[in-house]
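Trainee: One predicted model, sequence on top.
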Amino acid sequence: MYTPAPGQVPQPETPVLQAVPQPLDKPKAPAKSKNGDVGSFIQQCIALSSCLKELETQSHLIHLNYEGANFLGVHGFLKDQYESHLEQFDTLAEFIRSMDYLMPMCACGLKDACPQFQAVTSYKGNDMLATYYKNLEQTATLCKKLEPAAQKVGAIDIANYMADLVGQMFKAAWFIKATLRNG
């Protein structure tokens, strides 16, 4: 808007019209391959990566909120856990990208891929740890189911990584159960 001269009536500026954004097409389902259903396999990998990211967040928040006589040990253990979960998530996401598939672009899209994940509902130390170890075991079971699918589609590197993840998850769950039994 300009400043009018004395006695001149101000003229409003004409508004600049912007184009109305049109909704984008819904993404197409992943393509199938001749060796197996690669698209379905990738969707399962994304669901697993979502669970790993949720485990990272959950272990980090328990690490911050845990209180108890065994605080120092649990605090240190959970710090190692959330750092491991972040590395696991990153490794699996890189495997997915190496197969020319994209990861979700935000936390909301990622969280939607893992609806069965249990949330911590109590600030009691044993309750927090019990929920976390159940999620660890559930994620390990998902890895066990994904390993044969990886073999079927010829993703041997991912199949080997699934075996490593199973071991890491069940070992961590065992440590937590041992802590809860004596707590």
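Mentor: Yep, it's here.
Trainee: From now on I want contacts and neighbour counts done on CA atoms only, so please keep to that.
Mentor: Noted.
Trainee: Helix, strand, or coil at residue 13?
Mentor: Of the three states, residue 13 takes coil under DSSP: H, G, I helix; E, B strand; the rest coil.
Trainee: State the distance from it to residue 19.
Mentor: The gap separating residue 13 from residue 19 is 19 Å, by CA to CA, to the nearest Å.
Trainee: ditto for residue 142
Mentor: According to CA to CA, residue 142 and residue 19 sit 46 Å apart.
Trainee: show me the contacts for residue 114.
Mentor: 47, 48, 50, 51 (CA atoms under 8 Å, 6 or more residues apart in numbering).
Trainee: Check which helix or strand the third one maps to.
Mentor: Per DSSP states H and E: residue 50 is located in helix 38-65.
Trainee: which helices and strands does that helix pack with?
Mentor: Counting contacts by 3 or more CA pairs under 8 Å, 6 or more residues apart in numbering; DSSP states H and E, helix 38-65 is packed against helix 71-98, helix 107-111, helix 125-152.
Trainee: Go through the helix or strand bottoming out on mean pLDDT in the chain and flag the buried ones.
Mentor: The weakest-scoring helix or strand in the chain, judged by mean pLDDT, DSSP states H and E, is helix 107-111 (a mean of 83). Using 16 or more other CA atoms under 10 Å as the test for burial, helix 107-111 gives 110, 111.
Trainee: One more: stretch 148-161?
Mentor: Buried residues in stretch 148-161 (16+ other CA under 10 Å): 149, 150, 152, 153, 155, 158, 159, 161.
Trainee: Please save the CA atoms from it in PDB.
Mentor: Output of stretch 148-161 as PDB, limited to C-alpha atoms (Å, rounded to 0.1, in the frame of the first residue of the first chain):
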ATOM      1  CA  PRO A 148      12.700 -66.400   6.000                       C
ATOM      2  CA  ALA A 149      11.000 -63.800   3.900                       C
ATOM      3  CA  ALA A 150      14.400 -62.100   3.400                       C
ATOM      4  CA  GLN A 151      15.800 -65.500   2.300                       C
ATOM      5  CA  LYS A 152      12.800 -66.000  -0.100                       C
ATOM      6  CA  VAL A 153      13.400 -62.600  -1.900                       C
ATOM      7  CA  GLY A 154      17.200 -63.200  -2.000                       C
ATOM      8  CA  ALA A 155      18.100 -60.500   0.500                       C
ATOM      9  CA  ILE A 156      20.700 -62.500   2.300                       C
ATOM     10  CA  ASP A 157      22.300 -59.500   3.900                       C
ATOM     11  CA  ILE A 158      19.000 -58.600   5.600                       C
ATOM     12  CA  ALA A 159      18.400 -62.200   6.600                       C
ATOM     13  CA  ASN A 160      21.800 -62.300   8.400                       C
ATOM     14  CA  TYR A 161      21.000 -59.000  10.000                       C
END
